[in-house]
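**Q** Please work out how this folds:
(one chain, ligands or ions: 1)
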Amino acid sequence: MSSLLTPDVQIFLATAGDYEGVMAISEGIYMGVDYLPYRYHTWLKDPQRRMFVAKSEGKVVGFDSFLLVDGGVTAVVQGLRVADWMRGCGVAGILQRFCFQTLRSDHPTVIRVRLTMVENPPATMLNTYHIIHSKAVISVFISAEQLEETIKILESRVSATCDNCIPPVFLEYSEVHNLFPGSLKEEDLLPGSFLMQAWLPITTNKDNLDLMHRWKVQWFCSYPCDALGDVTGSSELHDVKVSFNVNNGIKQTNETISKDDITASTFPASSKSFLGFLSLGSPMFPVPLGEGKHRLDIDLFGTDLSFAKIHVLYQLKEAVKKLSTGGSIICFVYIEESLLAGLNGFFEGFTPFPIWSKQLVLEMDLTAARIS
Ligand SMILES: CC(C)(COP(=O)(O)OP(=O)(O)OC[C@H]1O[C@@H](n2cnc3c(N)ncnc32)[C@H](O)[C@@H]1OP(=O)(O)O)[C@@H](O)C(=O)NCCC(=O)NCCS
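**A** Down below sits the predicted model:
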(Lines give C-alpha, C1' and ligand atoms only; values in the text may rest on other atoms or scores of the structure.)
Protein backbone atom coordinates (compact mmCIF):
# COMPACT_ATOMS: atom_id res chain seq x y z
CA MET A 1 0.00 0.00 0.00
CA SER A 2 1.30 3.42 -0.79
CA SER A 3 -0.19 6.79 -1.31
CA LEU A 4 1.39 9.78 -2.94
CA LEU A 5 0.71 12.72 -0.68
CA THR A 6 3.26 15.33 -1.62
CA PRO A 7 5.76 15.32 -4.48
CA ASP A 8 8.38 13.68 -2.30
CA VAL A 9 6.74 12.03 0.73
CA GLN A 10 4.90 8.73 0.58
CA ILE A 11 3.35 6.71 3.39
CA PHE A 12 3.79 2.93 3.55
CA LEU A 13 2.89 0.20 5.99
CA ALA A 14 6.06 -0.33 8.01
CA THR A 15 7.92 -3.61 7.56
CA ALA A 16 10.72 -5.41 9.39
CA GLY A 17 13.03 -4.11 6.65
CA ASP A 18 12.32 -0.52 7.68
CA TYR A 19 13.81 -1.09 11.14
CA GLU A 20 17.21 0.44 10.35
CA GLY A 21 15.62 3.43 8.66
CA VAL A 22 13.32 4.08 11.59
CA MET A 23 16.23 3.74 14.02
CA ALA A 24 18.30 6.16 11.94
CA ILE A 25 15.68 8.90 12.44
CA SER A 26 15.26 8.02 16.12
CA GLU A 27 18.79 8.70 17.29
CA GLY A 28 18.84 10.76 20.47
CA ILE A 29 15.05 10.70 20.87
CA TYR A 30 13.89 10.85 24.49
CA MET A 31 17.49 11.25 25.70
CA GLY A 32 18.24 7.61 24.95
CA VAL A 33 15.25 6.03 26.72
CA ASP A 34 13.20 5.50 23.56
CA TYR A 35 11.05 2.37 23.61
CA LEU A 36 10.79 1.88 19.86
CA PRO A 37 14.14 0.13 19.23
CA TYR A 38 13.11 -2.60 21.68
CA ARG A 39 9.42 -2.74 20.68
CA TYR A 40 9.52 -2.35 16.91
CA HIS A 41 9.48 -6.02 15.91
CA THR A 42 7.02 -7.05 18.64
CA TRP A 43 4.70 -4.23 17.59
CA LEU A 44 4.84 -5.46 13.98
CA LYS A 45 3.43 -8.83 15.06
CA ASP A 46 0.60 -7.33 17.08
CA PRO A 47 -2.71 -7.76 15.21
CA GLN A 48 -4.15 -4.76 17.08
CA ARG A 49 -1.46 -2.41 15.82
CA ARG A 50 -0.73 -0.76 12.47
CA MET A 51 2.61 0.94 11.83
CA PHE A 52 3.47 3.43 9.11
CA VAL A 53 6.59 4.98 7.69
CA ALA A 54 6.91 8.16 5.67
CA LYS A 55 9.57 7.95 2.96
CA SER A 56 11.19 10.56 0.84
CA GLU A 57 13.40 9.49 -2.07
CA GLY A 58 13.24 5.94 -0.70
CA LYS A 59 14.52 6.93 2.75
CA VAL A 60 12.51 6.74 5.97
CA VAL A 61 11.74 10.27 7.19
CA GLY A 62 8.89 9.61 9.62
CA PHE A 63 7.11 6.96 11.68
CA ASP A 64 3.75 6.65 13.39
CA SER A 65 1.50 3.84 14.64
CA PHE A 66 -1.82 3.20 16.30
CA LEU A 67 -3.03 0.50 18.65
CA LEU A 68 -6.69 -0.51 18.87
CA VAL A 69 -7.82 -0.59 22.51
CA ASP A 70 -10.96 -0.34 24.65
CA GLY A 71 -12.53 -3.29 22.81
CA GLY A 72 -11.99 -1.66 19.41
CA VAL A 73 -13.60 1.75 19.92
CA THR A 74 -10.42 3.71 20.61
CA ALA A 75 -7.11 4.02 18.79
CA VAL A 76 -4.04 5.19 20.67
CA VAL A 77 -1.46 6.86 18.44
CA GLN A 78 2.08 6.03 19.54
CA GLY A 79 5.66 6.44 18.42
CA LEU A 80 5.29 9.53 16.20
CA ARG A 81 8.62 10.88 15.04
CA VAL A 82 10.06 12.75 12.09
CA ALA A 83 13.70 12.89 10.93
CA ASP A 84 15.23 16.02 12.40
CA TRP A 85 16.16 17.36 8.95
CA MET A 86 12.49 17.11 7.86
CA ARG A 87 10.82 18.66 10.89
CA GLY A 88 8.55 21.64 10.44
CA CYS A 89 7.63 20.61 6.87
CA GLY A 90 4.30 19.02 7.73
CA VAL A 91 5.42 15.36 7.73
CA ALA A 92 3.93 14.67 11.19
CA GLY A 93 0.62 16.11 10.04
CA ILE A 94 0.65 13.96 6.90
CA LEU A 95 1.43 10.80 8.90
CA GLN A 96 -1.33 11.48 11.39
CA ARG A 97 -3.93 12.23 8.76
CA PHE A 98 -2.98 8.99 7.04
CA CYS A 99 -3.52 7.12 10.34
CA PHE A 100 -6.95 8.71 10.76
CA GLN A 101 -7.99 7.92 7.19
CA THR A 102 -6.89 4.31 7.67
CA LEU A 103 -8.87 4.12 10.91
CA ARG A 104 -11.98 5.42 9.20
CA SER A 105 -11.71 3.11 6.22
CA ASP A 106 -10.42 -0.08 7.89
CA HIS A 107 -11.71 0.24 11.46
CA PRO A 108 -15.10 1.95 11.36
CA THR A 109 -15.85 0.95 14.96
CA VAL A 110 -13.16 3.36 16.20
CA ILE A 111 -14.80 6.56 17.41
CA ARG A 112 -11.97 8.26 19.25
CA VAL A 113 -8.22 8.74 19.14
CA ARG A 114 -5.99 9.25 22.14
CA LEU A 115 -2.40 10.23 22.44
CA THR A 116 0.00 11.34 25.13
CA MET A 117 2.28 14.35 25.16
CA VAL A 118 4.95 15.66 27.48
CA GLU A 119 4.18 19.34 27.13
CA ASN A 120 1.23 21.51 26.34
CA PRO A 121 0.08 20.88 22.78
CA PRO A 122 0.39 23.57 20.13
CA ALA A 123 -2.78 25.68 19.92
CA THR A 124 -3.68 24.19 16.54
CA MET A 125 -3.94 20.72 18.08
CA LEU A 126 -6.57 21.96 20.50
CA ASN A 127 -8.93 22.55 17.58
CA THR A 128 -9.33 18.79 17.32
CA TYR A 129 -8.02 17.35 20.60
CA HIS A 130 -8.88 18.13 24.18
CA ILE A 131 -6.77 17.36 27.23
CA ILE A 132 -8.50 14.73 29.32
CA HIS A 133 -5.88 13.89 31.93
CA SER A 134 -2.51 14.84 33.28
CA LYS A 135 0.00 13.33 35.69
CA ALA A 136 3.36 14.36 37.09
CA VAL A 137 6.52 12.41 36.30
CA ILE A 138 9.54 11.75 38.50
CA SER A 139 12.58 10.00 37.10
CA VAL A 140 15.84 8.84 38.57
CA PHE A 141 18.90 7.04 37.28
CA ILE A 142 20.10 4.19 39.46
CA SER A 143 23.46 2.75 38.43
CA ALA A 144 24.32 -0.90 38.95
CA GLU A 145 26.68 0.07 41.80
CA GLN A 146 24.01 2.14 43.55
CA LEU A 147 21.19 -0.37 43.24
CA GLU A 148 21.57 -2.25 46.50
CA GLU A 149 22.20 0.88 48.55
CA THR A 150 19.29 2.70 46.87
CA ILE A 151 16.87 -0.03 47.87
CA LYS A 152 18.19 0.05 51.44
CA ILE A 153 17.72 3.82 51.60
CA LEU A 154 14.21 3.62 50.19
CA GLU A 155 13.35 0.85 52.66
CA SER A 156 14.51 2.98 55.54
CA ARG A 157 12.53 5.96 54.23
CA VAL A 158 9.42 3.83 53.94
CA SER A 159 10.00 2.46 57.40
CA ALA A 160 10.44 5.94 58.85
CA THR A 161 7.26 7.34 57.40
CA CYS A 162 4.85 4.44 56.87
CA ASP A 163 4.40 3.16 60.41
CA ASN A 164 1.22 1.28 59.80
CA CYS A 165 1.20 0.65 56.09
CA ILE A 166 0.47 -2.88 55.11
CA PRO A 167 2.61 -3.88 52.13
CA PRO A 168 0.80 -4.00 48.81
CA VAL A 169 -0.32 -7.36 47.52
CA PHE A 170 0.71 -8.73 44.18
CA LEU A 171 -2.35 -9.37 42.04
CA GLU A 172 -2.88 -12.42 39.86
CA TYR A 173 -4.71 -11.60 36.67
CA SER A 174 -7.88 -13.33 37.85
CA GLU A 175 -7.85 -10.81 40.71
CA VAL A 176 -7.16 -7.93 38.36
CA HIS A 177 -10.31 -8.81 36.46
CA ASN A 178 -12.37 -8.66 39.63
CA LEU A 179 -10.89 -5.43 40.94
CA PHE A 180 -13.42 -3.13 39.30
CA PRO A 181 -16.13 -3.13 40.47
CA GLY A 182 -15.07 -4.86 43.64
CA SER A 183 -13.14 -3.71 46.65
CA LEU A 184 -11.82 -0.70 44.78
CA LYS A 185 -13.91 2.00 43.21
CA GLU A 186 -12.71 2.97 39.79
CA GLU A 187 -13.81 6.58 40.25
CA ASP A 188 -11.71 6.85 43.44
CA LEU A 189 -8.43 5.77 41.90
CA LEU A 190 -8.76 6.36 38.20
CA PRO A 191 -9.88 9.88 37.38
CA GLY A 192 -11.62 9.81 34.02
CA SER A 193 -12.01 6.04 34.47
CA PHE A 194 -8.98 5.03 32.54
CA LEU A 195 -5.61 3.60 33.33
CA MET A 196 -2.24 4.81 32.21
CA GLN A 197 0.14 1.97 31.58
CA ALA A 198 3.54 3.34 30.65
CA TRP A 199 2.10 6.12 28.44
CA LEU A 200 -0.74 3.98 27.13
CA PRO A 201 -4.08 5.55 28.12
CA ILE A 202 -6.74 2.84 28.22
CA THR A 203 -9.92 1.93 30.06
CA THR A 204 -10.28 -1.03 32.41
CA ASN A 205 -12.11 -2.91 29.64
CA LYS A 206 -11.47 -6.67 29.81
CA ASP A 207 -9.59 -6.71 26.48
CA ASN A 208 -7.18 -4.08 27.81
CA LEU A 209 -6.59 -6.09 30.97
CA ASP A 210 -5.86 -9.13 28.79
CA LEU A 211 -3.39 -7.06 26.79
CA MET A 212 -1.56 -6.07 29.95
CA HIS A 213 -1.54 -9.70 31.03
CA ARG A 214 0.19 -10.62 27.77
CA TRP A 215 2.73 -7.85 28.36
CA LYS A 216 3.38 -9.17 31.90
CA VAL A 217 2.50 -5.90 33.58
CA GLN A 218 2.88 -6.27 37.35
CA TRP A 219 -0.08 -5.16 39.48
CA PHE A 220 0.21 -4.30 43.15
CA CYS A 221 -2.79 -3.28 45.19
CA SER A 222 -3.54 -1.83 48.61
CA TYR A 223 -7.17 -2.21 49.58
CA PRO A 224 -9.03 0.50 51.49
CA CYS A 225 -9.01 -1.69 54.63
CA ASP A 226 -5.20 -1.99 54.49
CA ALA A 227 -4.72 1.32 56.20
CA LEU A 228 -6.52 -0.10 59.22
CA GLY A 229 -4.45 -3.20 59.50
CA ASP A 230 -6.16 -6.56 59.59
CA VAL A 231 -8.69 -6.13 62.36
CA THR A 232 -10.11 -9.46 63.41
CA GLY A 233 -12.70 -10.02 66.05
CA SER A 234 -16.39 -9.56 66.62
CA SER A 235 -18.67 -7.57 68.85
CA GLU A 236 -18.74 -10.47 71.36
CA LEU A 237 -14.99 -10.37 71.83
CA HIS A 238 -13.34 -8.09 74.30
CA ASP A 239 -10.06 -7.92 72.47
CA VAL A 240 -9.25 -7.58 68.82
CA LYS A 241 -6.04 -8.46 67.14
CA VAL A 242 -4.57 -5.73 65.05
CA SER A 243 -1.85 -7.06 62.83
CA PHE A 244 0.30 -5.00 60.60
CA ASN A 245 1.98 -7.85 58.88
CA VAL A 246 4.81 -5.90 57.43
CA ASN A 247 8.25 -7.09 56.50
CA ASN A 248 11.14 -6.34 54.18
CA GLY A 249 12.64 -3.65 56.30
CA ILE A 250 9.32 -2.08 57.16
CA LYS A 251 8.07 -1.76 60.69
CA GLN A 252 6.52 -4.94 62.11
CA THR A 253 3.54 -4.78 64.39
CA ASN A 254 1.45 -7.67 65.56
CA GLU A 255 -0.22 -6.89 68.80
CA THR A 256 -3.46 -7.53 70.56
CA ILE A 257 -5.16 -4.52 72.01
CA SER A 258 -8.21 -4.21 74.16
CA LYS A 259 -11.35 -3.45 72.22
CA ASP A 260 -12.09 -0.69 74.73
CA ASP A 261 -8.80 0.93 73.84
CA ILE A 262 -9.64 1.22 70.18
CA THR A 263 -10.48 4.75 69.26
CA ALA A 264 -10.28 6.64 66.04
CA SER A 265 -6.67 7.45 66.89
CA THR A 266 -5.72 3.75 66.99
CA PHE A 267 -5.45 3.84 63.24
CA PRO A 268 -3.42 6.14 61.06
CA ALA A 269 -5.23 9.36 60.28
CA SER A 270 -4.99 8.62 56.59
CA SER A 271 -6.93 5.37 57.01
CA LYS A 272 -10.22 7.13 57.50
CA SER A 273 -10.12 8.53 54.01
CA PHE A 274 -7.95 5.89 52.41
CA LEU A 275 -9.56 4.75 49.19
CA GLY A 276 -6.99 2.16 48.21
CA PHE A 277 -3.91 2.35 46.03
CA LEU A 278 -2.83 0.66 42.83
CA SER A 279 0.42 0.47 40.91
CA LEU A 280 1.44 -0.98 37.58
CA GLY A 281 5.01 -1.97 36.87
CA SER A 282 5.79 -2.45 33.20
CA PRO A 283 8.55 -4.96 32.53
CA MET A 284 11.92 -3.29 32.17
CA PHE A 285 13.55 -3.16 28.77
CA PRO A 286 16.99 -2.17 27.47
CA VAL A 287 17.31 1.33 26.00
CA PRO A 288 19.79 2.89 23.55
CA LEU A 289 21.34 5.08 26.29
CA GLY A 290 24.06 2.51 26.89
CA GLU A 291 25.05 -1.07 27.55
CA GLY A 292 23.03 -2.64 30.38
CA LYS A 293 20.75 0.40 30.84
CA HIS A 294 17.10 -0.41 31.32
CA ARG A 295 13.95 1.64 31.55
CA LEU A 296 11.36 0.94 34.21
CA ASP A 297 7.92 2.60 34.14
CA ILE A 298 5.85 2.61 37.33
CA ASP A 299 2.32 4.02 37.16
CA LEU A 300 0.76 4.94 40.50
CA PHE A 301 -2.97 5.37 41.12
CA GLY A 302 -4.09 6.98 44.35
CA THR A 303 -3.27 10.02 46.45
CA ASP A 304 -1.86 8.61 49.70
CA LEU A 305 1.85 9.44 49.98
CA SER A 306 2.75 6.60 52.36
CA PHE A 307 1.25 4.04 50.04
CA ALA A 308 2.85 5.71 47.02
CA LYS A 309 6.27 5.18 48.62
CA ILE A 310 5.68 1.58 49.56
CA HIS A 311 4.34 0.79 46.08
CA VAL A 312 7.39 2.33 44.41
CA LEU A 313 9.64 0.29 46.68
CA TYR A 314 7.81 -2.96 45.94
CA GLN A 315 7.68 -2.36 42.20
CA LEU A 316 11.38 -1.50 42.14
CA LYS A 317 12.36 -4.55 44.17
CA GLU A 318 10.27 -6.77 41.93
CA ALA A 319 11.90 -5.31 38.82
CA VAL A 320 15.42 -5.68 40.20
CA LYS A 321 14.87 -9.43 40.64
CA LYS A 322 14.77 -9.70 36.83
CA LEU A 323 17.72 -7.40 36.15
CA SER A 324 20.89 -9.07 34.95
CA THR A 325 24.10 -8.45 36.89
CA GLY A 326 25.63 -5.09 36.08
CA GLY A 327 22.36 -3.66 34.82
CA SER A 328 21.26 -0.16 35.70
CA ILE A 329 17.82 1.45 35.74
CA ILE A 330 16.22 4.66 34.60
CA CYS A 331 13.08 4.61 36.69
CA PHE A 332 10.02 6.70 35.72
CA VAL A 333 7.23 7.11 38.23
CA TYR A 334 3.90 8.60 37.10
CA ILE A 335 1.85 10.16 39.88
CA GLU A 336 -0.94 12.52 40.79
CA GLU A 337 0.36 16.11 41.02
CA SER A 338 -0.48 16.21 44.73
CA LEU A 339 2.20 13.57 45.43
CA LEU A 340 4.99 15.40 43.63
CA ALA A 341 6.66 17.17 46.56
CA GLY A 342 6.41 14.11 48.82
CA LEU A 343 7.82 11.69 46.29
CA ASN A 344 10.58 14.10 45.31
CA GLY A 345 11.58 13.96 48.97
CA PHE A 346 11.48 10.17 48.85
CA PHE A 347 14.05 10.22 46.01
CA GLU A 348 16.14 13.02 47.48
CA GLY A 349 19.86 12.54 46.96
CA PHE A 350 19.45 10.25 43.96
CA THR A 351 20.53 11.15 40.44
CA PRO A 352 17.63 12.76 38.61
CA PHE A 353 16.99 11.91 34.98
CA PRO A 354 15.29 15.15 33.99
CA ILE A 355 13.49 14.52 30.76
CA TRP A 356 9.74 14.75 31.35
CA SER A 357 7.91 16.52 34.15
CA LYS A 358 4.39 15.77 33.02
CA GLN A 359 2.31 13.32 31.11
CA LEU A 360 -0.74 14.66 29.26
CA VAL A 361 -3.50 12.63 27.66
CA LEU A 362 -5.30 14.11 24.68
CA GLU A 363 -8.43 12.76 23.06
CA MET A 364 -10.14 13.45 19.77
CA ASP A 365 -13.61 12.51 18.56
CA LEU A 366 -12.79 10.78 15.28
CA THR A 367 -16.38 10.86 14.08
CA ALA A 368 -16.52 14.65 14.34
CA ALA A 369 -12.98 15.56 13.26
CA ARG A 370 -12.46 17.07 9.82
CA ILE A 371 -9.56 15.27 8.22
CA SER A 372 -8.43 16.63 4.90
C1 LIG B 1 6.84 16.10 17.22
C2 LIG B 1 7.33 15.89 15.81
C3 LIG B 1 6.91 14.51 15.32
C4 LIG B 1 6.71 16.97 14.89
O5 LIG B 1 7.12 16.74 13.58
P6 LIG B 1 7.02 17.87 12.42
O7 LIG B 1 7.18 17.21 11.10
O8 LIG B 1 7.98 18.95 12.72
O9 LIG B 1 5.56 18.43 12.59
P10 LIG B 1 4.67 19.07 11.43
O11 LIG B 1 5.47 20.13 10.70
O12 LIG B 1 4.02 18.03 10.59
O13 LIG B 1 3.55 19.85 12.22
C14 LIG B 1 3.12 19.38 13.36
C15 LIG B 1 1.75 18.75 13.15
O16 LIG B 1 1.68 17.67 14.07
C17 LIG B 1 1.00 18.12 15.24
N18 LIG B 1 1.88 17.76 16.36
C19 LIG B 1 2.94 18.38 16.85
N20 LIG B 1 3.45 17.69 17.88
C21 LIG B 1 2.69 16.60 18.01
C22 LIG B 1 2.70 15.48 18.89
N23 LIG B 1 3.63 15.38 19.85
N24 LIG B 1 1.78 14.54 18.74
C25 LIG B 1 0.84 14.67 17.79
N26 LIG B 1 0.77 15.68 16.93
C27 LIG B 1 1.70 16.62 17.04
C28 LIG B 1 0.80 19.62 15.06
O29 LIG B 1 -0.38 20.07 15.65
C30 LIG B 1 0.71 19.73 13.53
O31 LIG B 1 -0.55 19.33 13.08
P32 LIG B 1 -1.23 19.99 11.76
O33 LIG B 1 -0.33 19.66 10.61
O34 LIG B 1 -2.56 19.35 11.67
O35 LIG B 1 -1.26 21.46 12.06
C36 LIG B 1 8.90 16.03 15.71
O37 LIG B 1 9.28 17.24 16.29
C38 LIG B 1 9.66 14.90 16.37
O39 LIG B 1 9.93 13.87 15.73
N40 LIG B 1 10.06 15.05 17.66
C41 LIG B 1 10.79 14.03 18.39
C42 LIG B 1 9.88 12.88 18.81
C43 LIG B 1 8.66 13.35 19.57
O44 LIG B 1 8.78 14.19 20.45
N45 LIG B 1 7.50 12.81 19.20
C46 LIG B 1 6.23 13.20 19.82
C47 LIG B 1 5.71 12.12 20.68
S48 LIG B 1 4.60 12.81 21.90
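**Q** Show me which residues of the stretch 1-150 of the chain sit near the ligand.
**A** By C-beta under 6 Å from any ligand atom, the residues of the stretch 1-150 of the chain that approach the ligand are 29, 80-82, 87-93, 96, 115, 117, 122, 124-125. (C-beta placed from N, C-alpha, C; glycine too.)
**Q** try 8 Å
**A** 25, 29-30, 62, 77, 79-84, 86-97, 115-118, 121-122, 124-125, 128 (C-beta under 8 Å from any ligand atom).
**Q** Any quick PyMOL command for the buried ones out of the residues you listed?
**A** With 16 or more other C-beta atoms under 10 Å as the criterion, this PyMOL line picks the buried residues out of these:
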select buried, resi 25+29+30+62+77+79+80+81+82+83+86+89+91+92+94+95+96+97+115+116+117+125+128
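**Q** Among the residues of the stretch 1-150 of the chain next to the ligand, which lie within helices?
**A** Secondary structure defined by DSSP state H assigns 91, 92, 93, 94, 95, 96, 97 of those to helices.
**Q** What segments of the protein are helices?
**A** For the chain, applying DSSP H gives helices covering 19-24, 36-45, 91-106, 147-161, 173-177, 186-189, 206-214, 305-321, 340-346.
**Q** ranking those helices by mean pLDDT, which is last?
**A** Ranked by mean pLDDT, these end with helix 186-189 in last place, scoring a mean of 87.
**Q** List of residues touching it?
**A** Contact partners of helix 186-189, identified using C-beta atoms under 8 Å, 6 or more residues apart in numbering, comprise 180, 193, 204, 275, 276, 277, 278, 301, 302.
**Q** redo that, cut-off 10 Å
**A** Under the contact criterion C-beta atoms under 10 Å, 6 or more residues apart in numbering, helix 186-189 has outside partners 179-181, 192-195, 203-204, 221, 224, 274-278, 300-303, 336.
**Q** chain center to it, what's the gap?
**A** 16 Å (C-alpha atoms, centre = their mean, to the nearest Å).
**Q** same thing with stretch 91-106?
**A** The answer for stretch 91-106 is 25 Å, by C-alpha atoms, centre = their mean.
**Q** And the one residue in the stretch 151-300 of the chain that gets nearest to the ligand, what's its pLDDT?
**A** Proximity of the stretch 151-300 of the chain to the ligand (C-beta to the nearest ligand atom) peaks at residue 199, 8.7 Å away. We note a pLDDT of 96 for residue 199 in this prediction.
**Q** now swap in residue 85 and tell me
**A** For residue 85, pLDDT reads 94.
**Q** list the contacts for it?
**A** 25, 56, 61 are the contacts of residue 85 under C-beta under 10 Å, 6+ apart.
**Q** distance of it from the ligand?
**A** Noted for residue 85: a distance of 11 Å to the ligand, by C-beta to the nearest ligand atom, to the nearest Å.
**Q** Domain parsing of this protein, as residue ranges.
**A** If you go by automatic domain parsing, the domain ranges for the chain are 2-110, 135-359.
**Q** What segments of the stretch 251-372 of the chain are strands?
**A** 253-258, 277-286, 293-301, 328-335, 351-352, 358-365 (DSSP state E, counting those that start in this stretch).
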